[in-house]
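In: Build the 3D model from these lines:
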Amino acid sequence: MVIGGREFCDSGKTYVMGILNVTPDSFSDGGRFNEMDRALRHVEEMIGDGMDILDIGGESTRPGYTLLSEEEETARVVPVIEAVKRRFDVPVSLDTYKYKVAQAGIAAGADLINDIWGLKYDGGQMAETIAESALPCCLMHNRAKADYGNFLEDLAADLADTLRIAEAAGIRDDRIILDPGVGFGKTYENNLEVINHLDSLRIFNCPLLLGASRKSVIGLTLDLPADERLEGTLVTTVFAVLSGCSFVRVHDVKANKRAIRMAEAILREGRQ
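Out: Purely as a prediction, here's the structure:
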């Protein structure tokens, strides 16, 4: 898969997507990077730490978040995308589920669209936007309520629906990453279960992304606030490597990059 002019192998390696929240109400960083200079310094730091892709988000999606207008979200993310693309050579992902924000982000230079509603938010307009752009996308599993019969079977069925929407719009299979959506429309137990069964989603033959960094499933397990969840995050990252995930979306790039390198070295030795 090519993202931002770079080739990403979809097997045997796990890449790091670094998180940049340009929001005043993010659950994890408290809006520390919603000013341009600080945001760019943080991007530079993450690149130095080994980040492979930058994910820029303008609307917090923590529980109880405030829904932004398309205009306000666009005003937050477009200047940052433009500044990052001028200053750095790094693929940029735009984290949005609103097609008009995606259109503005694509015009500003975004290389990938990261949709937390898996093309199901706006009746197909996001799918058409991505198809017209010919950009790769990350499509996440989500539900309004954590109401399941058999959780893993229902999750797989929901992702299959997302892929059908993508196909109907003309999004090519080789441009799709799937995200099981840890922390979205799931109970605490559901989140643990999907992390433990990531390999079950390889039936779709799409690269997988795990985004569990600092999330509530870690906080609830360890009884820790968001800024003390690094060790728990590293465990989920190692699970991602062992399960064959191609990407992890994280806040702490350096530590997660090191954890990936160690896990990959152990796996390589085991295959010899």
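
In: just the strands in the stretch 101-250 of the chain please.
Out: Ranges of strands within the stretch 101-250 of the chain are 112-115, 137-140, 176-179, 209-210, 247-250, based on DSSP state E, counting those that start in this stretch.

In: May I see the ones you listed organised as JSON lines, with mean pLDDT added?
Out: Shown next, in JSON lines, are those (pLDDT from 0 to 100):
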{"stretch": "strand 112-115", "mean pLDDT": "98"}
{"stretch": "strand 137-140", "mean pLDDT": "98"}
{"stretch": "strand 176-179", "mean pLDDT": "98"}
{"stretch": "strand 209-210", "mean pLDDT": "98"}
{"stretch": "strand 247-250", "mean pLDDT": "98"}
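
In: Nearest to N150, out of those?
Out: strand 176-179 (18.9 Å; Cβ to Cβ). All C-beta atoms are positioned from the backbone trio N, CA, C, and that covers glycine.

In: Report all helices and strands that the closest one contacts.
Out: Applying 3 or more Cβ pairs under 8 Å, 6 or more residues apart in numbering; DSSP states H and E, one finds that strand 176-179 contacts strand 137-140, helix 151-169, strand 209-210.

In: ok, back up a step: minimum distance to M17: which of the strands of the stretch 101-250 of the chain has it?
Out: Of all those, strand 247-250 comes closest under Cβ to Cβ, at 4.3 Å.

In: from the chain's centre, how far out does the following helix or strand past the closest one sit?
Out: Later in the chain than strand 247-250, the nearest helix or strand by DSSP states H and E is helix 253-271. In terms of Cα atoms, centre = their mean, to the nearest Å, the centre of helix 253-271 is found 20 Å from the chain centre.

In: What's the mean pLDDT across helix 253-271?
Out: Per-residue pLDDT over helix 253-271 has a mean of 93.
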